[in-house]
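**Q** 3D, please:
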Amino acid sequence: MKINLIYPNKAYRKGRQKAIRSFFRTPPLNLLFLAGLTPRDIKVHIIDERYEPINFDEPVDLVAITAITSIAPRAYQIGDEFKKRGIPVILGGIHPSFLPDEALKHATTVVIGEAELIWEEVIKDFQSGKLKNFYRCSEYSDLKGLPMPRWDILPNRKKYIPFIQTTRGCPNNCEFCSVTTFSGRKIRTRPVDEVIKEIKALSRGFVVFVDDNIFAKPKYAKELFHKLTPLRIKWGSEASLNFIKNFELLKLAAQSGCRALFIGIESVSQKALDSMSKGFNKVKEFKSIIKKLHEYKIAVNASLIFGFDEDDKGVFEQTVKFLDDSRVDSANFSILTPLPGTRLYSKLKNADRIFEKDWSKYDTLHVTYFPKNMSIDELKKGLGWTYRKFYSFSNTFKRMFRSIGRCPFMIPANLGFFIAARRKLIID
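**A** Presented below is the predicted three-dimensional model:
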């Protein structure tokens, strides 16, 4: 028996199947775990369509496709192609979990929620010819004893950055975020020794912990950082500002090798933050916290969102000025996006403010709803202006120079954004 696990390429265009060029590759970690859950007597092939084409005529017994919202249309195309060939298709991931009836039109089966506790049942039902339309995980995995992700079967694995997950869930409940709906507000943790074992098995380069908030459970984080220290690795992760204020924990993180944190600043307007249930972010504290992170030689990759109802045309210039004054090391800019599964989606849909029906536009780089205090065009152009201004030649190379002594990883990150902004690859 053979199963193909597929991560679709959102940017796929017929006749243009060249692999994406990038400074680094982000692995399809959920598929690596799924492969680890699959019995070893079953042959598993992972296809990352971002870097290699799919052979639809390859002999295979079962196909499983993962999808976030922006790649759902391509996932559906892939599902349809395999179904035409009589091959059963399973769709899973965050988008099919929130819109299972839609997903089923392009699949044989839809897995709703996390797959760890039900994947064995799915495989057994397939082998006995009794696949159901839907499989719903009624509880969350406690993350203990998870199999090792199957990095060994990932093609060109050395080109990927090592991604490791230590926790799931987030205690915050931001209106625009689907993490709490999908993974819950309770922080679940993997045993630290299992995490360390996985790191040692990879043992190369810069490690990224893909937790939504690695500081959210201080006691666990403290144990993790203590056990990371002897490994002498360098790592980055994501954290919320309200947890970073634990400076004792921050010091331990730095000593254990933390060199970069992705931080959801989201807005330089306190009113905007309050409106989206992210009032625990205090704008007046941003600069002092960023300064403290820099004292520990930890680079800050800030996330900013435009399009809140409190935003007007002045938000773009205000944001760039704040980031420059704060000496932020890099930044990701997004347009507020009402993703299915979020309270924001329900609110804007009920207010008849969502106009975009194409899920591929739900990539945080396109306007999908009617903004309140600016036009659709002003919001879209504002995003482009912000990227070009923040990643201007002088600003970019200033940050790259500062990164040499703090986190060299930020050099290719800044350079990549600089090139994308110049070539208008970020927005069309």
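**Q** Which stretches in this protein count as strands?
**A** Remark: strands assigned in the chain by DSSP state E are 2-7, 43-48, 62-66, 89-92, 109-112, 134-136, 163-164, 167-168, 188-189, 206-209, 234-239, 258-266, 299-306, 330-335.
**Q** Go through the ones you listed and name the closest to Arg25.
**A** Closest to Arg25 of the strands of the chain is strand 43-48 (Cβ to Cβ; 7.8 Å). For glycine as for every other residue, the C-beta is placed from the backbone atoms N, C-alpha and C.
**Q** roughly how far out does the closest one sit from the chain middle?
**A** On the basis of Cα atoms, centre = their mean, to the nearest Å, strand 43-48 sits 21 Å off its chain's mean C-alpha point.
**Q** cool, and stretch 392-410?
**A** Using Cα atoms, centre = their mean, the offset of stretch 392-410 from its chain centre is 24 Å.
**Q** what does stretch 118-128 give?
**A** 28 Å.
**Q** buried stuff in that stretch?
**A** The neighbour-count check on stretch 118-128 (16 or more other Cβ atoms under 10 Å) flags 118-119, 122-123, 126 as buried.
**Q** most residues in a single helix of this protein, which one?
**A** Counting residues, the longest helix in the chain under DSSP state H turns out to be helix 376-390.
**Q** Now that helix: average pLDDT?
**A** Averaged across helix 376-390, the pLDDT comes to 95.
**Q** Residue ranges of each domain in the chain, please.
**A** Following automatic domain parsing, one gets these domains for the chain: 2-136, 161-422.
**Q** Please, where are all the helices along the stretch 101-250 of the chain?
**A** Assigned by DSSP state H, counting those that start in this stretch, the stretch 101-250 of the chain shows helices spanning 119-127, 179-183, 192-202, 218-228, 241-244, 247-255.
**Q** beta partners of the residue nearest to Lys83 when sequence neighbours are not counted?
**A** The shortest distance from Lys83 to any non-neighbouring residue, by Cβ to Cβ, 6 or more residues apart in numbering, is to Val89 (5.6 Å). Each beta-bridge partner of Val89 is listed here: Val63, as defined by DSSP bridges.
**Q** quick one: Thr181 from Ser346, how far?
**A** From Thr181 across to Ser346, the span is 11 Å (Cβ to Cβ, to the nearest Å).
**Q** With Thr66 instead?
**A** For Thr66, the distance to Ser346 - Cβ to Cβ - is 24 Å.
**Q** These two: who's more crowded?
**A** Thr66 (23 against 13; other Cβ atoms under 10 Å).
**Q** Can you read off the pLDDT for the more buried one?
**A** pLDDT at Thr66 comes out at 98.
**Q** can you tell me which residues contact it?
**A** Residues near Thr66 by Cβ atoms under 8 Å, 6 or more residues apart in numbering: 5-8, 28, 30-31, 75, 92-93.
**Q** can you redo the residues you listed as JSON lines with neighbour count?
**A** Output for the contacts of Thr66, formatted as JSON lines (neighbours: other Cβ atoms under 10 Å):
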{"residue": "Leu5", "neighbour count": "24"}
{"residue": "Ile6", "neighbour count": "24"}
{"residue": "Tyr7", "neighbour count": "23"}
{"residue": "Pro8", "neighbour count": "27"}
{"residue": "Pro28", "neighbour count": "24"}
{"residue": "Asn30", "neighbour count": "18"}
{"residue": "Leu31", "neighbour count": "25"}
{"residue": "Ala75", "neighbour count": "28"}
{"residue": "Gly92", "neighbour count": "29"}
{"residue": "Gly93", "neighbour count": "26"}
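**Q** Now distance to Asp152 too, for the domains of the chain, in JSON lines please.
**A** Converted to JSON lines, these look like this (distance: least, Cβ to Cβ, whole Å):
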{"stretch": "domain 2-136", "distance to Asp152": "9"}
{"stretch": "domain 161-422", "distance to Asp152": "9"}
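**Q** How confident was the prediction at the residue located most distally from the centre of the chain?
**A** Residue farthest from the centre of the chain, counting by Cα atoms, centre = their mean, is Ser128 at 35.2 Å. At Ser128, the predicted lDDT confidence score is 96.
**Q** The helix or strand bottoming out on mean pLDDT in the chain packs against which elements?
**A** Scoring the helices and strands of the chain by mean pLDDT, DSSP states H and E places helix 241-244 at the bottom, with a mean of 79. Counting contacts by 3 or more Cβ pairs under 8 Å, 6 or more residues apart in numbering; DSSP states H and E, helix 241-244 packs against strand 258-266, helix 286-295.
**Q** For Gly279, which of these is the nearest?
**A** When those are compared (using Cβ to Cβ), the closest one is strand 258-266, at 11.0 Å.
**Q** quick one: that closest one to strand 234-239, angle?
**A** Inter-element angle recorded for strand 258-266 and strand 234-239: 20 degrees (by axes from the mean of the first three to the mean of the last three Cα atoms, to 10 degrees).
**Q** quick one: contacts of strand 258-266?
**A** So strand 258-266 is contacted by 174, 206, 225, 234-241, 244, 272-273, 276, 278, 281, 286, 293, 296-305, 329, 332, 406-407, 409-410 (Cβ under 8 Å, 6+ apart).
**Q** switch to 7 Å and redo it
**A** With Cβ atoms under 7 Å, 6 or more residues apart in numbering as the test, strand 258-266 has contacts from 234-241, 273, 278, 281, 286, 293, 297-305, 407, 409-410.
**Q** what about the closest residue to Thr337 other than its chain neighbours, how many neighbours?
**A** Closest residue in space to Thr337, ignoring its immediate chain neighbours: Thr364 at 4.8 Å, by Cβ to Cβ, 6+ apart. Residues lying near Thr364 (other Cβ under 10 Å) number 21.
**Q** now do the one 4 residues further on
**A** When neighbours are defined as other Cβ under 10 Å, Thr368 has 24 of them.
**Q** How many neighbouring residues does the nearest residue to it once chain neighbours are set aside have?
**A** Nearest residue to Thr368, sequence neighbours excluded (Cβ to Cβ, 6+ apart): Glu356, at 3.7 Å. Number of residues near Glu356 (other Cβ under 10 Å) recorded here: 15.
**Q** same thing with Pro162?
**A** For Pro162, using other Cβ under 10 Å, the count is 22.
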